[in-house]
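Chemist: Sequence first, predicted model second:
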Amino acid sequence: MYVPSHFQEDRVPELHAAIRSIAFGTLVSVGADGLIASHVPMLIDPEPAPYGTLIGHVARANPHGQVASTVDALAMFVGPNAYVTPSWYATKRETGKVVPTWNYVAVHAYGRLRFFDDAERLLGVVTRLTETHEAPRAAPWAVSDAPPDFVQGMLRAIIGFELPIARLEGKWKMSQNRNETDRAGVVDGLRREGGPAEAAVAAAVTERMR
């Protein structure tokens, strides 16, 4: 990923927090017929240090489940993002020398992808994923709510993976290359003209202005 220094984020706790918040990523590796991409929810464990491990599962019929047991892979997580019009910049009114851009958060994790199909381990993964995403609900659904034989049948239809992270990159492109007045204009414009996604980007721009 191309990361100019003013957009770089390399603090592991911040990168892990972003992965947990985004939760849903794109897993890319090479198979017999070329590149394979799967869009899947993933968990991040902090061990082994310094970058931790991503964990998830795919359908057994997914081409990812047919690749070699260990293969180089990339997992990508894209966070809040929004279009930025040059109309929000004070510089537009001063010189006109401005162009549109896009603000966004992106985290890339690289490593050697490993697969497993042990039923007990798979059950642990789907249970953790379920508990993570059901936690905010007033009456969370649990894997144990489903009949055991049904759960076992579903487990046979998936294959688990782990990606011990060898390299972790983060990019917070949040108008850091603009002057303070332009950044303030971006925050105001996003909040005034946008929806929830734009509000999230406005908050991220504000945080990066401190």
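Modeler: Noted; the coordinates are in hand.
Chemist: on contacts alone, who are the packing partners of the helix or strand hosting Thr91?
Modeler: Per DSSP states H and E: Thr91 is located in helix 90-94. Contact partners of helix 90-94 among helices and strands, from 3 or more C-beta pairs under 8 Å, 6 or more residues apart in numbering; DSSP states H and E: helix 180-193. Backbone N, C-alpha and C define where each C-beta goes, glycine included.
Chemist: which residues sit against the helix it packs on?
Modeler: Residues outside helix 180-193 that contact it (C-beta atoms under 8 Å, 6 or more residues apart in numbering): 82, 84-85, 87-91, 103, 175-176, 178, 198-199, 201-202, 205-206, 209.
Chemist: So what's the residue count around the residue lying closest to Ser87 once chain neighbours are set aside?
Modeler: Using C-beta to C-beta, 6 or more residues apart in numbering and skipping residues adjacent in sequence, the residue nearest Ser87 is Gly189, 7.4 Å away. Residues lying near Gly189 (other C-beta atoms under 10 Å) number 18.
Chemist: so how far is Leu129 from the closest residue to Thr85 other than its chain neighbours?
Modeler: Nearest residue to Thr85 in three dimensions, chain neighbours excluded: Pro100, at 5.9 Å (C-beta to C-beta, 6+ apart). Applying C-beta to C-beta, to the nearest Å, the value for Pro100 to Leu129 is 38 Å.
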